[in-house]
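Novice: Pasted the sequence and its predicted model underneath.
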Amino acid sequence: MKIGSHSLSLPLIQGGMGVGVSLSSLAGNVAKKGAMGVISTAQIGFKKPSFLKDTKKANLEAIDEEIKRAKEISNNNGMVAVNVMVALSDYEQHVRQAVKSGVDAIISGAGLPLKLPEYVDEKTAIAPIVSSGKAARLILNKWKRQYDRTADFIVIEGYKAGGHLGFKKEELLENTCASLKDILKDVKEVVKGFEELFNHSIPVFVAGGIYTNEDIKEMLEAGADGVQMGTRFIGTYECDASMEYKNYFINGKKEDIKIVQSPVGMPGRAFMTPFMEKTHPIKRCFRCIASCDMKSIPYCITQALINAVNGDCENGLVFTGTNGYRIDKLVHVSDLIDELMEGIV
C-alpha cells in the first residue's frame with residue numbers, strides 16, 4: 001500500500017496511545033513487521049528528569065529520541081508515525097519537531113487539524129482522524145484551498161474506540177452513534193473526489209472495536225483499505241506501559257468500562273477506577289491542553305495518565321477500547337500481527 005512517498009506491506013496501523021503507552025518500543029516493533037507503528041506525543045517526556053521544570057522542552061526532546069529509537073528498531077521496515085492531538089497547547093511545535101526528527105507520518109485528531117499541512121514537508125505523510133464524512137470533507141476542502149495538498153491517508157475512529165471520542169456523550173450513552181461501516185461509506189464518497197483531483201489514492205483506515213482477524217476481514221470486505229488497532233497492542237510485551245498497567249487489562253471486567261467525561265472537555269472510554277469517582281485537588285497545571293481550566297476540572301489529566309501508565313491504576317485514568325477486558329495474556333508484537341494478518345496478506 002502506497003502512502004505518500006512511503007509504503008506499507010500490511011494494512012495495519014497500531015493506534016497512538018498516550019501518555020507513554022505507545023512509545024518507541026511498541027511503535028518500532030510494529031513497524032519492523034511492515035505495519036505502521038505510532039508514537040503518541042501527549043506528554044511524551046514525562047520520564048525525563050527535566051519534565052517538571054520545563055515540560056515543553058522535555059516533550060520536544062523525547063519526541064526526537066523516541067522517533068529515532070523507533071526507526072532504529074524498525075530496521076527501515078514499515079512506517080513510524082506520531083499521533084499529535086490538535087487540542088495540545090504545543091500542537092504546532094510537536095508536529096514540527098516530529099518532522100525534523102524524520103518521522104514518516106503525522107496522524108492528528110482530538111480536534112480538526114486544519115493547519116497541519118503548514119507544519120510539515122512534502123516527505124511527511126499526513127492524516128486526519130475523523131468520525132464523520134462531514135469532518136473529512138471540511139478538512140480536505142480546507143487543505144486543498146489553502147495548501148493545495150490533500151491527505152495521504154485517513155483514519156476513521158468509530159464510537160467503540162478508546163480514549164477521547166469524536167461523538168457527543170449523549171450519543172455514546174444512548175447508543176445512537178453512526179456505525180463504523182456507515183461512516184466508512186460516507187468518508188469513501190468524500191475521498192473519491194479528492195483522489196481524482198490529486199491523482200493519487202487516499203487509503204482509509206478504520207478503528208474502534210476491531211479486535212480479531214475476523215473483525216479485520218469484515219472491515220476490509222466493507223471497503224476499508226486497512227484498520228487501526230490500539231487497545232489490542234496493550235497486551236504485548238513490547239508495549240511501553242508498565243506491567244502493572246497491562247495487568248489491569250488482563251484482570252479487567254467488561255462492566256468496569258464506562259463512558260467518562262475527560263477534563264479536556266471531550267467524552268472518552270475508560271476503566272472506571274476508584275480515582276474516577278472523586279474529584280482531586282490540582283497541585284500543578286502542565287498546560288497540556290489549551291482549553292484546560294484548573295478551576296472547573298475534576299482532576300489533572302496529565303497526572304492521572306502518568307499515574308496509570310507507571311502502574312498506579314487505582315489512582316489514575318486508564319483509557320481503553322470496548323474490548324480491553326478481552327486481553328487475558330501478553331504476546332509478542334510479531335506473533336500478534338501474524339495472528340491478525342492470517343489469510344489477509
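Specialist: Noted; the coordinates are in hand.

Novice: For residue 124, which residues are in contact?
Specialist: If you count contacts by CB atoms under 8 Å, 6 or more residues apart in numbering, residue 124 has them with 4, 98, 99, 103, 104, 105, 106. The C-beta positions use only the backbone N, C-alpha and C, and glycine is treated the same way.

Novice: Find the pair from the residues you listed with maximum spatial separation.
Specialist: Farthest-apart pair in the contacts of residue 124 is 4 and 98; separation 14.5 Å (CB to CB).

Novice: Which stretches in the chain count as strands?
Specialist: 2-3, 6-7, 12-14, 36-40, 79-83, 105-108, 125-130, 154-157, 163-164, 204-207, 226-229, 257-261, 267-271, 318-319 (DSSP state E).

Novice: Output these in CSV, with mean neighbour count and mean pLDDT appended to each entry.
Specialist: Shown next, in CSV, are those (neighbours: other CB atoms under 10 Å; pLDDT from 0 to 100):
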stretch, mean neighbour count, mean pLDDT
strand 2-3, 19, 94
strand 6-7, 15, 92
strand 12-14, 29, 98
strand 36-40, 30, 98
strand 79-83, 29, 98
strand 105-108, 26, 98
strand 125-130, 26, 98
strand 154-157, 28, 97
strand 163-164, 25, 84
strand 204-207, 26, 98
strand 226-229, 26, 98
strand 257-261, 16, 90
strand 267-271, 22, 91
strand 318-319, 26, 94
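
Novice: residues making contact with the lowest-mean-pLDDT helix or strand in the chain?
Specialist: Taking mean pLDDT, DSSP states H and E as the measure, strand 163-164 is the helix or strand of the chain with the lowest mean score, a mean of 84. Contact partners of strand 163-164, identified using CB under 8 Å, 6+ apart, comprise 17, 85, 109-110, 230, 262, 264, 266-270, 319.

Novice: What pairs with it, parallel or antiparallel?
Specialist: Here strand 163-164 is paired, per DSSP bridges, with strand 267-271 (antiparallel).

Novice: Give me the angle between the strand it pairs with and strand 257-261.
Specialist: Counting by axes from the mean of the first three to the mean of the last three CA atoms, to 10 degrees, strand 267-271 lies at 140 degrees to strand 257-261.

Novice: Dump the C-alpha coordinates for strand 267-271 into PDB.
Specialist: Output in PDB follows, covering the C-alpha atoms of strand 267-271 (Å, rounded to 0.1, in the frame of the first residue of the first chain):
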ATOM      1  CA  PRO A 267     -16.100  12.200  26.300                       C
ATOM      2  CA  GLY A 268     -13.900   9.200  26.400                       C
ATOM      3  CA  ARG A 269     -13.900   5.500  27.200                       C
ATOM      4  CA  ALA A 270     -12.000   4.200  30.200                       C
ATOM      5  CA  PHE A 271     -12.000   1.700  33.000                       C
END
